[in-house]
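*Asks:* quick one: sequence plus predicted model below, questions after.
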Amino acid sequence: MNEVTKSIERVQAKIVIMAEDVSPPEILFHIPLLCEEKGIPYGYLTTKKELGNTARINVSASAIAIENVGTGNDGILNDVIKNLEEIKK
């Protein structure tokens, strides 16, 4: 969580994804507020295990911040952000 928070505060994160099954949930309460303040899109996955597997870190994760999507993946990131915005409406 510390690294995700730092990434948001430094406006390095391009997107933040959090797990819905974090316990206690208060651990994540500040993340959406920071993201909105800094204009960083955010979303959720169902479980910490799913988030860790999706990020290919092979451990459960409460939240991740993606700072670099790699060459040629900007279009995919933009599609994900666009879909998140549609869901929030």
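*Replies:* Arrived safely, thanks for sending.

*Asks:* test my guess that residue 50 contacts residue 20.
*Replies:* No: if you go by Cβ atoms under 8 Å, residue 50 and residue 20 don't touch, sitting 9.5 Å apart. Glycine gets a C-beta too; all of them are placed from N, C-alpha and C.

*Asks:* residues in contact with residue 12?
*Replies:* Going by Cβ atoms under 8 Å, 6 or more residues apart in numbering, residue 12 touches 65, 67.

*Asks:* so residue 35 sits right up against residue 8, yeah?
*Replies:* Yes: using Cβ under 8 Å, residue 35 makes contact with residue 8 at a distance of 6.0 Å.

*Asks:* spit out the residues that contact the two alike.
*Replies:* Joint contacts of residue 35 and residue 8 (Cβ under 8 Å, 6+ apart) are residue 16.

*Asks:* in the worst-scoring helix or strand of the chain on mean pLDDT, what counts as buried?
*Replies:* Every helix and strand in the chain was compared by mean pLDDT, DSSP states H and E; the lowest is helix 74-88, with a mean of 89. Under the neighbour-count criterion of 16 or more other Cβ atoms under 10 Å, helix 74-88 has 80-81 buried.

*Asks:* now that helix: how far from the chain's centre is it?
*Replies:* Between the centre of helix 74-88 and the centre of its chain there are 12 Å (Cα atoms, centre = their mean, to the nearest Å).

*Asks:* name the helices or strands packed onto that helix?
*Replies:* strand 15-19, strand 42-45 (3 or more Cβ pairs under 8 Å, 6 or more residues apart in numbering; DSSP states H and E).

*Asks:* as CSV, could you dump the C-alpha coordinates of stretch 81-89?
*Replies:* Only the C-alpha atoms of stretch 81-89 are listed here, as CSV (Å, rounded to 0.1, in the frame of the first residue of the first chain):
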residue,chain,number,x,y,z
ILE,A,81,-9.8,3.5,-18.6
LYS,A,82,-12.7,4.3,-21.0
ASN,A,83,-14.5,1.2,-19.8
LEU,A,84,-14.0,2.1,-16.2
GLU,A,85,-15.4,5.6,-16.9
GLU,A,86,-18.5,4.0,-18.5
ILE,A,87,-19.1,1.7,-15.5
LYS,A,88,-18.9,4.6,-13.1
LYS,A,89,-21.6,6.6,-14.9
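
*Asks:* right, I'll leave it there.
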